[in-house]
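Q: pasting a predicted model and its sequence here:
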Amino acid sequence: MNDIWQGLAQAARLIVARDADLIEIATLSLQVSLGATLVASLIGLPLGAWLAINRFRVRRVVIATMNALMGLPPVVVGLFVYVLFSRSGPFGVLGLLFTPTAMVIAQVIIITPIVASISHQAIRDLWADYHDLLISLNASRTQRIKALLWDGRRALMTASLAGFGRAIGEVGAIMIVGGNIDHATRVLTTAIALETGKGEFGMALALGFVLIALAVLVNLTVHFLSRTERGSRW
Amino acid sequence: MVSTILPLTVENIALRRRGRRILGPISWQLGGTGITVLMGPNGSGKTSFLRAMHGLERISDGRLHWSAPIDQTRARQSFVFQTPILMRRSVVDCIAYPLLLDGVSRRIARDRAAEAATQVGLAAMLDQPAQLLSGGEKQKLALARALVRGPELLFLDEPCANLDGRSTSDIEKILLAARDAGTRIVMSTHNLGQARRLADDVLFLYVGQLVEFGPASRVLQTPATPEMTAFIKGDLLP
Ligand SMILES: Nc1ncnc2c1ncn2[C@@H]1O[C@H](COP(=O)(O)OP(=O)(O)OP(=O)(O)O)[C@@H](O)[C@H]1O
Ligand SMILES: [Mg+2]
């Protein structure tokens, strides 16, 4: 219990002092996770919506696969990306291993299925609801998709935020592909793992609190931004 | 308004679902002006028939013949569902949506939607989320949305089920006004009083078959078939 109070106090000290290392680590954490969320959303949201309103033969298989991929162990994803980008791997020439880019790639693989699954479910429900109306109103295919994406935007945002939540707290994959290199690829989660390993529980806890605060802050910001918009009281 | 999509000729259409014929074969012609009221017991096929004519149901046999090319017919008819389908938008945006689909600018669409909302008594709720309306208000919204494009043909599936007398009479007034403005209306109802007040023609369905069709005054006073006679007397049909 004492450790926890000390951790809180230390977190406060670091924040008040604007500790340069902390700022660097936290910023990289945000950059990597937000970057991964952005890319995963660009792939996952349209994919989810597309799967929700199109019928084709292997649709069920694709959806089942996507749902299964949600449970991918990050360590395995990390290993996979490591092998692909290691010097002898197929993408070795790009020299991306142990860079933030590699970390983003690994996280995109981890969270895209989550974003796609949640958005698929939301858009599918909305489509079931709107189907007869949109057909009756003679909406074109593009107009239908637009209506679903727009009216489902809150659910889609939730899908993205779920992806972000998984990304910012993820440690297994980015540890492997990033290497936790000081001033290069160290982020909050990998730093926590390091401090814990060293027995520096106070510091580890302090970073943990910063991590939680950041995650909450991002969620609150997004919700606040979307609430200021008119007609949003569904 | 001179109709361009009517008459609609219904040629021997039948709907089969799960190996069972749920409607037809029915042949009928929908033309002229006025209000046709569809009546019949639960499960007799009223909803299926309305949806089939509107193009929402796959027709198993027979065909529909419109007086205009099929791609032009959709935009000139509208449908009011028994349970209103409302988009997750404000009242005014819900009503404006069909106009936006037609490429009307957002500002003009909202102006016209506000006008349409006023006509159905929703003027005070323009910016409310549509989902928060009461059942009767939702029905009125659906009606305003169906009328906002000035359709030539309007289908309504029990538009006044679950409404109180006041709301029912509001909606009937709107329907009569639309009819007088030239909109051809086909609606189903269980309410005999409503049929008497609104119908120019009555079409009676029984177990998926068109059993009787004729001018309201005749059909409702002196039905020609035992099924319709029994239905009007409120008897339980065998
Ligand atoms: N998709 C379907 N699959 C199987 N049966 C169906 C389907 N749609 C409708 N039916 C059946 O067709 C019959 C006619 O249904 P319909 O909804 O048209 O009746 P209705 O006259 O509108 O009844 P109500 O007065 O209760 O609204 C019913 O027996 C119904 O169970
Ligand atoms: Mg019905």
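A: Ah, there it is. Numbers count the residues shown, from 1 in each chain, chains lettered A, B, ... in the order given. Ligands and ions are numbered 1, 2, ... in the order given.

Q: which helices and strands sit right next to the longest helix along chain B?
A: Of all the segments of type helix in chain B, defined by DSSP state H, the longest one is helix B:165-180. Applying 3 or more Cβ pairs under 8 Å, 6 or more residues apart in numbering or on different chains; DSSP states H and E, one finds that helix B:165-180 makes contact with strand B:35-39, helix B:135-147, strand B:184-188, helix B:192-198. (Glycine included, C-beta is placed from N, CA and C.)

Q: poorly predicted segments of chain B, please.
A: Counting by pLDDT under 70, chain B contains low-confidence ranges at B:1-2, B:235-238.

Q: show me the contacts for the residue in chain A sticking out farthest from the centre.
A: Most distant from the centre of chain A: residue A:136, at 37.8 Å, with distances by Cα atoms, centre = their mean. Contacts here follow Cβ atoms under 8 Å, 6 or more residues apart in numbering or on different chains; on that basis residue A:136 touches B:54, B:56, B:78, B:79.

Q: and residue B:178, by the same measure?
A: B:147, B:154, B:185.

Q: just the buried residues of stretch B:115-122, please?
A: B:116, B:117, B:119, B:120, B:121, B:122 (16 or more other Cβ atoms under 10 Å in any protein chain shown).

Q: dump these into TSV; add secondary structure and distance to residue B:68 as well.
A: Shown next, in TSV, are the buried residues of stretch B:115-122 (DSSP: H, G, I helix; E, B strand; the rest coil; distance: Cβ to Cβ, whole Å):
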residue	secondary structure	distance to residue B:68
B:116	helix	25
B:117	helix	30
B:119	helix	27
B:120	coil	28
B:121	coil	33
B:122	coil	32
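
Q: which of these sit farthest apart?
A: The span of those, defined through Cβ to Cβ, is set by B:116 and B:121 at 11.0 Å.

Q: among the contacts of residue A:136, which two are most distant?
A: Greatest spatial distance in these: B:56 and B:78, 11.9 Å, computed using Cβ to Cβ.

Q: residue nearest the centroid of chain A?
A: residue A:164 (2.8 Å).

Q: my bad, should have said chain B
A: When Cα atoms, centre = their mean is applied to chain B, the residue found nearest the centroid is residue B:156 (1.7 Å).

Q: which single residue in chain A comes nearest to ligand 1?
A: Residue of chain A nearest ligand 1, by Cβ to the nearest ligand atom: residue A:132 (12.5 Å).

Q: and the gap between the residue in chain B sticking out farthest from the centre and residue B:99?
A: The centre of chain B is farthest from one residue, residue B:107, which by Cα atoms, centre = their mean lies 28.7 Å away. Distance of residue B:107 to residue B:99, given as Cβ to Cβ, to the nearest Å: 11 Å.

Q: with residue A:192 instead?
A: Per Cβ to Cβ, residue A:192 is found 55 Å from residue B:99.

Q: what helix or strand is residue A:123 located in?
A: Using DSSP states H and E, residue A:123 falls within helix A:100-136.

Q: now that helix: buried residues?
A: For helix A:100-136, by 16+ other Cβ under 10 Å, it's A:100-124, A:126-127, A:129-130, A:133-134, A:136.

Q: likewise for stretch A:62-79?
A: A:62, A:63, A:66, A:69, A:70, A:72, A:74, A:77, A:78, A:79.

Q: ok, the nearest residue to the fourth one once chain neighbours are set aside - contacts?
A: With sequence-adjacent residues excluded and distances taken as Cβ to Cβ, 6 or more residues apart in numbering or on different chains, residue A:69 is closest to residue A:113, at 3.8 Å. Residues near residue A:113 by Cβ under 8 Å, 6+ apart: A:44, A:66, A:67, A:69, A:70, A:72.

Q: for chain A, what spans make up the helices?
A: Assigned by DSSP H, the helices in chain A fall at A:2-16, A:20-53, A:59-69, A:74-85, A:100-136, A:141-151, A:153-168, A:172-178, A:188-198, A:201-227.

Q: tell me which of those approaches residue B:61 most closely.
A: It's helix A:100-136; of those, that one is closest to residue B:61 (Cβ to Cβ) at 21.7 Å.

Q: quick one, what contacts residue A:178?
A: Counted by Cβ under 8 Å, 6+ apart, residue A:178 has contacts A:98, A:99, A:100, A:102, A:103, A:185, A:186, A:187, A:190.

Q: list the contacts for the nearest residue to the second one once chain neighbours are set aside?
A: Using Cβ to Cβ, 6+ apart and skipping the chain neighbours, the partner closest in space to residue A:99 is residue A:185 (6.8 Å). With contacts defined as Cβ under 8 Å, 6+ apart, the neighbours of residue A:185 are A:28, A:98, A:99, A:100, A:103, A:174, A:178, A:179.

Q: can you list contacts of the helix or strand where the residue farthest from the centre of chain B lies?
A: Element membership for residue B:107, per DSSP H and E: helix B:106-119. Residues outside helix B:106-119 that contact it (Cβ under 8 Å, 6+ apart): B:91-96, B:99-100, B:104, B:123, B:125-126, B:141, B:144-145, B:147-148, B:174.

Q: residue B:138 against residue B:130, yeah?
A: Yes: Residue B:138 is within contact range of residue B:130, at 7.1 Å (criterion: Cβ atoms under 8 Å).

Q: joint contacts of the two?
A: residue B:86.

Q: can you tell me which residues contact the residue lying closest to residue A:167 once chain neighbours are set aside?
A: Among residues not flanking residue A:167 along the chain, residue A:33 sits closest, at 4.0 Å (Cβ to Cβ, 6+ apart). Contact analysis of residue A:33 by Cβ under 8 Å, 6+ apart lists A:107, A:164, A:167, A:168.

Q: which single one of those is nearest to residue B:72?
A: After measuring the contacts of residue A:33 against residue B:72 - Cβ to Cβ - the closest member comes out as residue A:164, at 47.1 Å.

Q: how long is stretch B:81-99 from one end to the other?
A: 19 Å (Cα to Cα, to the nearest Å).

Q: actually stretch B:154-169, not the one I wrote
A: This stretch, stretch B:154-169, spans 18 Å end to end (Cα to Cα).
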